[in-house]
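>>> sequence plus predicted model, see below.
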Amino acid sequence: MEKPTVALVYQAVQALYHDPDPAGKERASVWLGELQRSMYAWEMADQLLQLKQDVESCYFAAQTMKMKIQTSFYELPPETHIALRDSLLSHIQSLKDLSPIIVTQLALAIADLALQMASWKGCVHTLIEKYSNDVSSMTFLIEILTVLPEEVHSRSLRIGANRRTEIIEDLAYYSSTVVTLLGSCVEKTGSDEKMLIKVFRCLGSWFNLGVLDSNFMANNQLLMVLFQVLQRDETSTNLHEAASDCVCSALYAIENVDAHMPLALQLFQGVLTLETAYHMAVAREDLDKVLNYCRIFTELCETFLETTVRSPGQGMGDLRTLELLLICAGHPQYEVVEISFNFWYRLGEHLYKTNDPALHGIFRPYIQRLLHGLARHCQLDPDHEGIPEDTDDFGEFRMRVSDLVKDVIFLVGSMECFSQLYSTLKEGNPPWEVTEAVLFIMAAIAKSNCDMYVTNTFSNGGVENNPTLTEVLEQVVLLPETVHIAVRYTSIELVGEMSEVVDRNPRFLDPVLNYLMKGLREKPLASVAAKAIHNICSVCRDHMAQHFQGLLDIARALDSFALSTEAAVGLLKGTALVLARLPLDKIAECLSDLCAVQVMALKKLLSQNPSNGKAADPTVWLDRLAVIFRHTNPIVENGQTHPCQKVIQEIWPVLSETLNTHQADNRIVERCCRCLRFAVRCVGKGSASLLQPLVTQMVSVYQVYPHSCFLYLGSILVDEYGMEEGCRQGLLDMLQALCMPTFQLLEQPNGLRNHPDTVDDLFRLATRFVQRSPVTLLSSGIIVHIIQCAIAATTLDHRDANCSVMKFVRDLIHTGVSNDHEDDFEVRKQLIGQAMEQHGQQLVTQLMHTCCFCLPPYTLPDVAEVLWEIMVFDRPTFCRWLENALKGLPKETSGGAVTVTHKQLTDFHKQVTSAEECKQVCWAIREFTRLFR
């Protein structure tokens with residue numbers, strides 16, 4: 001890019017915002033993006049801010065400044081830093097009245113500069129000294145002081161742990177000065193709402209950083225002002241939200257209550273005074289305020305959770321905190337109670353771990369009241385028509401209720417709660433929406449209930465000691481078809497969750513299946529009934545064998561039912577699970593029958609002429625075949641022919657032709673490969689006759705269309721046949737043939753980043769080879785290229801791809817030390833030694849660079865395992881390699897701050913090289929890489 005004029009940049013900004021032609025806007029956007037990435041952006045942004053022509057050009061310039069400081073600060077020589085700072089401060093002062101969003105962007109730029117510019121000491125002090133006496137500068141001063149603590153942990157800035165610690169200590173030192181400034185600001189401006197909002201936002205930001213002195217804050221006037229604002233009925237919505245956010249931040253900051261006693265007490269007492277204000281907000285139907293209060297009450301309970309469990313009803317373990325949440329649970333809007341779900345879940349988890357019956361007894365009544373409230377919230381509107389929706393907001397809320405019920409039900413006793421709910425239906429005659437909600441909660445409990453039921457029947461020598469479950473089942477299947485369809489829908493869900501009860505009481509199987517079949521024939525109920533039948537098949541596999549013919553009839557007529565794709569596949573899964581329990585001599589014929597519908601459909605598609613040059617989509621049938629192969633897993637003794645072998649051989653030509661027809665379509669090829677994968681897994685070594693034609697076809701299509709799923713399918717073949725002496729060379733030829741197009745793809749610009757699936761599947765394939773036939777791979781010419789590709793791919797920030805690469809390298813090196821009793825051990829050890837001699841230093845250097853600069857923290861355990869394996873293989877050489885790698889790391893940031901000291905480098909080297917187990921290496925890397933983040 002050549003250096004543009006300011007006029008040209010201004011013209012492009014105008015086009016971006018005002019050009020009526022979308023193509024013109026797009027061109028301007030691309031050009032401005034290129035400008036922002038160039039060195040000229042610094043000067044252009046500075047000049048636009050000086051010209052102050054309009055809001056759009058100033059916003060673009062301020063945003064550009066912020067972006068450049070965040071991502072390209074290294075472009076500026078250190079001697080320009082002071083000039084940049086002074087220029088930014090001058091801009092924010094001259095533009096303070098133009099637009100708040102421009103002030104925010106410039107404040108962020110100044111904050112990010114302060115964090116990176118090591119020579120700017122005590123920035124908070126200098127800013128307050130310079131601007132605090134000028135009322136007109138107060139708005140932008142407070143904005144800078146708000147974003148500064150927020151940016152300390154920003155992911156956009158890699159300032160490193162040393163600099164971050166230095167900054168946090170500096171901010172802690174000046175924190176009381178900031179709070180005093182905010183206090184005096186409130187005194188001067190009195191009831192100016194905009195200024196109060198800014199003050200609360202700023203205070204919240206400092207609470208979030210965790211640097212405020214709790215003794216100083218406990219007696220601070222600002223805390224009083226906060227609660228006064230929240231208690232006042234006339235407080236505006238925006239101010240109320242800002243005050244609520246600030247209180248929540250304060251509560252979060254004192255999570256370690258014992259270390260912040262004076263402030264904890266003030267906040268605890270302050271929040272308890274808000275109950276009246278909550279009731280007033282409810283009376284005024286002010287939902288925004290109600291939600292704010294509920295957030296505050298929930299945060300209070302979260303903060304004092306451990307205190308409450310440790311000393312319930314005493315001091316700050318006062319159970320009035322739970323009363324506040326239950327009051328919120330009584331609000332008619334379900335969004336209110338939903339805010340507290342995470343707290344109830346955490347309370348359940350704490351109580352489950354303590355496992356103290358007396359303690360459980362104290363909290364049981366609260367959970368009982370919560371469950372009753374939840375059942376009420378789950379009620380559909382009385383005028384609701386049709387089945388319950390599970391994809392809208394209310395449907396998602398009900399799903400979250402169901403999960404919460406499963407998590408806390410142990411406190412009430414699932415059997416007891418189930419019985420209580422059932423008795424409310426049995427004794428009263430509630431309206432349909434109440435019945436449906438109760439059945440919904442019962443379905444959530446049923447799963448744990450049935451597990452209890454099974455345990456009970458076992459522990460009582462098979463004696464049926466819980467009539468409620470069987471009675472519920474009896475009554476539900478007798479529900480008339482005249483009841484509201486939503487009640488039938490949820491009752492079918494309940495029956496599906498009670499499949500264990502059916503398994504223990506086979507006499508219910510026929511009535512249950514009849515009930516579910518009625519549902520299957522009705523369009524709105526078909527999918528939920530199919531899911532329930534699938535559950536019954538999964539749990540009652542042996543009892544269902546006698547009903548296999550019925551299942552087969554359903555499977556043959558699958559498309560005559562109005563089923564979702566997922567429900568249809570689930571039904572076939574259930575059928576396949578039952579099929580696997582039939583006598584071996586029956587399986588082949590039945591499997592053939594079960595597959596016939598899908599195979600006929602595929603053949604029909606293949607015989608049709610493509611419309612508009614496009615063949616009809618076969619994925620539905622491929623997915624159905626895949627699920628049948630996946631779940632038909634009969635027990636076959638050694639020496640017996642697998643009953644599914646013949647069927648799969650017969651189906652292969654159709655799958656092969658489907659693959660050829662759709663070879664250009666990645667989605668369909670993926671489904672074909674998935675289907676073949678389960679077919680191969682189903683019969684294992686019994687698929688040998690397919691090996692040659694399958695590999696030939698895979699390799700031939702892959703040369704033209706490199707779909708990564710072929711690499712994955714290759715890994716399955718290596719897994720099944722890699723230990724067979726006669727197959728090894730053929731599989732190696734396959735690997736080499738697949739690698740060539742793969743390397744061409746990955747060597748393109750950004751090839752690794754653009755094709756993470758290919759990286760993932762390539763290294764799965766290579767890893768399978770290492771596991772099944774290491775010497776074959778290590779002796780081949782392709783291994784050098786695979787290792788080089790792996791070293792390059794370690795930088796890839798993609799969860800699955802990176803995991804596969806690291807697993808390959810780890811398993812590869814591990815073959816040099818594992819199974820030392822086997823005949824090929826010496827050969828393996830020697831081959832790995834040669835590979836490490838050639839690539840070891842490069843690998844260690846790349847891994848250190850990668851984990852410091854490229855990879856997110858969750859990948860570090862994988863990196864640690866690779867380093868550990870290298871060290872186990874040859875510790876002395878690894879020590880040398882690691883030392884060289886550490887010497888190459890940068891010691892200072894572009895802002896002049898120390899990234900890593902000599903002592904930190906030597907300490908890390910010592911921690912890693914003296915480690916006695918892998919997790920010590922992992923801890924060391926975690927701590928060390930923080931220095932570069």
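Cool, the structure landed.

>>> any buried residues in stretch 410-419, and which?
Phe410, Leu411, Val412, Ser414, Met415, Cys417, Phe418, Ser419 (16 or more other Cβ atoms under 10 Å). From N, CA and C alone the C-beta is placed, and that goes for glycine too.

>>> restricted to helices, list those residues.
Those of the buried residues of stretch 410-419 mapping onto helices are Phe410, Leu411, Val412, Ser414, Met415, Cys417, Phe418, Ser419, per DSSP state H.

>>> next up, the contacts around the most centrally placed residue in the chain.
Note on the chain: the residue nearest the mean C-alpha position is Arg799, at 11.2 Å, using Cα atoms, centre = their mean. Counting by Cβ atoms under 8 Å, 6 or more residues apart in numbering, Arg799 touches Tyr858, Thr859.

>>> switch the cut-off to 6 Å
Arg799 makes contact with no residue, according to Cβ atoms under 6 Å, 6 or more residues apart in numbering.

>>> Val912 versus that one, what's the distance?
For Arg799, the distance to Val912 (Cβ to Cβ, to the nearest Å) stands at 24 Å.

>>> likewise for Arg681?
Going from Arg681 to Val912 by Cβ to Cβ gives 40 Å.

>>> give the contact list for the nearest residue to Cys682 once chain neighbours are set aside.
Once flanking residues are discounted, Cys682 sits nearest to Phe629: 4.5 Å by Cβ to Cβ, 6 or more residues apart in numbering. Phe629 is in contact with Phe678, Ala679, Cys682, counting by Cβ under 6 Å, 6+ apart.

>>> how about Ala443?
For Ala443, the contacting residues are Glu493, Leu494, Glu497, taking Cβ under 6 Å, 6+ apart as the criterion.

>>> returning to what we had before: the more surrounded of Arg681 and Val912?
Neighbours per residue (other Cβ atoms under 10 Å) separate Arg681 from Val912, with Val912 holding more: 23 against 15.

>>> any idea of the pLDDT on the more buried one?
Predicted confidence (pLDDT) for Val912: 97.

>>> going C-terminal from the lowest-mean-pLDDT helix or strand in the chain, what's the next secondary structure element?
Counting by mean pLDDT, DSSP states H and E, the weakest-scoring helix or strand in the chain turns out to be helix 432-459, with a mean of 75. Of the helices and strands lying after helix 432-459 in sequence (DSSP states H and E), the nearest is helix 467-476.

>>> and the next helix or strand after that following helix, what other elements does it pack with?
Downstream of helix 467-476, the next assigned helix or strand under DSSP H and E is helix 485-497. Judged by 3 or more Cβ pairs under 6 Å, 6 or more residues apart in numbering; DSSP states H and E, helix 485-497 is in contact with helix 432-459, helix 523-539.

>>> deepest of the ones you listed, which one?
helix 523-539 (a mean of 23; mean count of other Cβ atoms under 10 Å).

>>> tell me the secondary structure at Asn609.
Put simply, Asn609 is coil when judged by DSSP: H, G, I helix; E, B strand; the rest coil.

>>> okay, now it: neighbour count?
As a burial measure, Asn609 scores 6 neighbours (other Cβ under 10 Å).

>>> got a pLDDT number for it?
Reported pLDDT for Asn609: 75.

>>> then Lys25?
93.

>>> pretty sure it is in a strand, no?
No: secondary structure of Lys25 (three-state DSSP): helix, not part of a strand.

>>> Glu302 contacts Asn342, doesn't it?
No: the pair Glu302 / Asn342 is not scored as a contact, 7.5 Å apart, by Cβ atoms under 6 Å.

>>> export the helices and strands packed on helix 485-497 to CSV and tack on distance to Met261?
Putting the helices and strands packed on helix 485-497 into CSV (distance: least, Cβ to Cβ, whole Å) gives the following:
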stretch, distance to Met261
helix 432-459, 40
helix 523-539, 52
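
>>> which one of these lies nearest to Leu88?
Closest approach to Leu88 among these (Cβ to Cβ): helix 432-459, 56.0 Å.

>>> sorry, back to before: which of the contacts of Ala443 has the most neighbours?
Top of the contacts of Ala443 by neighbour count (other Cβ under 10 Å): Glu493, with 23 neighbours.

>>> tell me who's in contact with that one.
Counted by Cβ under 6 Å, 6+ apart, Glu493 has contacts Ala443, Val528.

>>> can you give me the helices in the stretch 551-700 of the chain?
565-579, 584-607, 619-631, 645-661, 666-683, 688-704 (DSSP state H, counting those that start in this stretch).

>>> neighbouring contacts of the last one?
Contacts of helix 688-704 from elsewhere in the structure, counted by Cβ under 6 Å, 6+ apart, are Trp652, Gln663, Phe710, Met734, Ala737, Leu738, Pro741.
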